[in-house]
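J.: below: sequence and its predicted model.
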Amino acid sequence: MDAVESAVVSCECCGLEEECTGEYIGGVRDYFGGRWLCGLCSESVKYEAGRSKRTPAAAPSVGVEEAVRAHMAFCRMLKRGGPAERVAEGMCQMLRRSASGKPRAALTSSSSRRTVAATSPSAPLSIGL
């Protein structure tokens with residue numbers, strides 16, 4: 001029985017490394033113009049290229065190469081710490097602080113300058129910024 005040779009390749013969009021056979025690597029690179037894309041990125045690119053073909057004729061069709069370039073740009077934006085990553089990091093910090101039991105006075109972010117006060121349960125909240 002012949003041993004199947006495999007190689008570790010890195011996605012040119014997100015950087016994920018996968019171990020694949022040479023035949024599979026060649027097929028992926030042929031489809032994506034010489035670029036290696038991981039499974040998730042390749043599905044995203046295929047979806048975008050296929051979606052544009054189903055849209056009305058007024059919208060220009062996006063080919064595979066254009067979809068790859070757009071997805072690579074999107075991944076670069078995420079690697080730089082786009083808004084979603086910053087929100088996620090903020091939520092993680094908030095959870096860590098609440099789990100550690102630190103009092104609110106110990107927080108030194110801009111949110112600690114905001115105050116919320118209510119004079120009675122029926123009174124509207126006053127938020128000082």
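T.: That came through fine. Being a predicted model, the structure only gives us computed values, none of them experimental.
J.: who touches whichever strand or helix holds Glu23?
T.: For Glu23, the host element (DSSP states H and E) is helix 22-31. With contact meaning C-beta atoms under 8 Å, 6 or more residues apart in numbering, helix 22-31 is reached by 5-7, 9, 20, 35-37, 42, 64. In short, each C-beta sits where N, CA and C put it, glycine included.
J.: tell me which of these fall in helices.
T.: With DSSP state H as the criterion, helices contain 42, 64 from among the contacts of helix 22-31.
J.: now the contacts of helix 22-31 as TSV including distance to Gly50 and pLDDT?
T.: Shown next, in TSV, are these (distance: C-beta to C-beta, whole Å; pLDDT from 0 to 100):
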residue	distance to Gly50	pLDDT
Glu5	32	89
Ser6	29	92
Ala7	28	94
Val9	24	95
Cys20	23	94
Arg35	18	94
Trp36	20	94
Leu37	15	95
Ser42	12	94
Val64	10	90
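J.: how far away is Gly22 from Val8?
T.: If you measure Gly22 against Val8 using C-beta to C-beta, to the nearest Å, the figure is 12 Å.
J.: fine by me, we can end here.
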